[in-house]
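**Student:** My questions concern the predicted model and sequence given below.
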Amino acid sequence: MVYIKKVEKDTIKKCAGIYRNAYREEPWNEEYDVDDVEDYITHFLDSETKCAFAFVLGESIIGVAMGLLVPVIGSCYFRMEDICIEPAYQARGYGRQFIELMENNLKMKGCDSILLGTQRGFPAHKFYLRNDFKEIDSVLLYREIKR
């Protein structure tokens with residue numbers, strides 16, 4: 001049985017481990033400090049407009065996703081910042097199930113879409129396209145805030 005639940009303070013360490021494991025893999029090869037990842041996830045727990053979901057298989061958390069509920073006139077959308085599945089469980093359909101369960105939860109919150117950014121050509125980009133995400137005619141812009 002699979003289901004999602006809200007990440008709580010007592011599951012942050014487990015979710016941070018999943019995040020670190022996933023981003024250690026190709027193509028990211030990132031080595032994040034565990035305290036930094038725990039702090040990052042914790043930031044998504046402190047309001048009604050921030051969400052952190054845990055994906056549970058049986059009794060074990062095997063995935064985590066974080067994002068923001070963004071209000072627009074007449075509804076809202078979910079701006080997904082991160083989603084990852086424990087590497088040992090990837091390529092088994094769990095990512096698709098996780099997104100579908102999140103979508104059902106977000107629908108109950110009044111959301112009508114999920115928006116995310118990823119790098120073109122990366123495995124994540126291909127995963128999203130296979131899972132009914134569409135590229136939109138938009139431009140993502142960046143401006144550094146000088147210190």
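**Tutor:** That came through fine. Residues are numbered from 1 along each chain as shown.
**Student:** excluding its backbone neighbours, what's nearest N131?
**Tutor:** R96 (5.3 Å; C-beta to C-beta, 6 or more residues apart in numbering). Where C-beta positions appear, they are placed from N, C-alpha and C, glycine not excepted.
**Student:** Oh, that last question was meant for F44, not what I typed.
**Tutor:** Among residues not flanking F44 along the chain, A52 sits closest, at 3.9 Å (C-beta to C-beta, 6+ apart).
**Student:** which residues does that neighbour contact?
**Tutor:** 6-7, 15, 41, 44-45, 64-66 (C-beta atoms under 8 Å, 6 or more residues apart in numbering).
**Student:** try 7 Å
**Tutor:** The contact partners of A52, by C-beta atoms under 7 Å, 6 or more residues apart in numbering, come to 6-7, 41, 44-45, 64, 66.
**Student:** so how far is F127 from the residue nearest to N131?
**Tutor:** 9 Å (C-beta to C-beta, to the nearest Å).
**Student:** now swap in K107 and tell me
**Tutor:** 21 Å.
**Student:** Now for C15, how many residues are close by?
**Tutor:** 25 (other C-beta atoms under 10 Å).
**Student:** now it, nearest residue through space, not along the chain?
**Tutor:** V64 (4.1 Å).
**Student:** ok, back up a step: where strands are concerned, which of the contacts of A52 count?
**Tutor:** Using DSSP state E, 6, 64, 66 are the members of those that sit in strands.
**Student:** quick one: which of those is most hemmed in?
**Tutor:** Neighbour counts for those (other C-beta under 10 Å) peak at V64, which has 29 neighbours.
**Student:** can you tell me which residues contact that one?
**Tutor:** Applying C-beta under 7 Å, 6+ apart, the residues near V64 are 7, 15, 18-19, 52-54, 84.
**Student:** For the helix or strand hosting C76, list the C-alpha coordinates in PDB.
**Tutor:** Element membership for C76, per DSSP states H and E: strand 75-85. Backbone C-alpha positions of strand 75-85 (Å, rounded to 0.1, in the frame of the first residue of the first chain) are rendered in PDB as follows:
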ATOM      1  CA  SER A  75      -7.800  29.000  -7.700                       C
ATOM      2  CA  CYS A  76      -4.200  28.300  -6.900                       C
ATOM      3  CA  TYR A  77      -1.300  26.200  -8.300                       C
ATOM      4  CA  PHE A  78       1.400  24.200  -6.700                       C
ATOM      5  CA  ARG A  79       5.000  25.300  -7.400                       C
ATOM      6  CA  MET A  80       7.000  22.100  -6.800                       C
ATOM      7  CA  GLU A  81      10.500  22.900  -5.700                       C
ATOM      8  CA  ASP A  82      11.700  19.300  -5.200                       C
ATOM      9  CA  ILE A  83      10.600  15.800  -5.500                       C
ATOM     10  CA  CYS A  84      12.700  12.700  -5.000                       C
ATOM     11  CA  ILE A  85      12.400   9.000  -4.500                       C
END
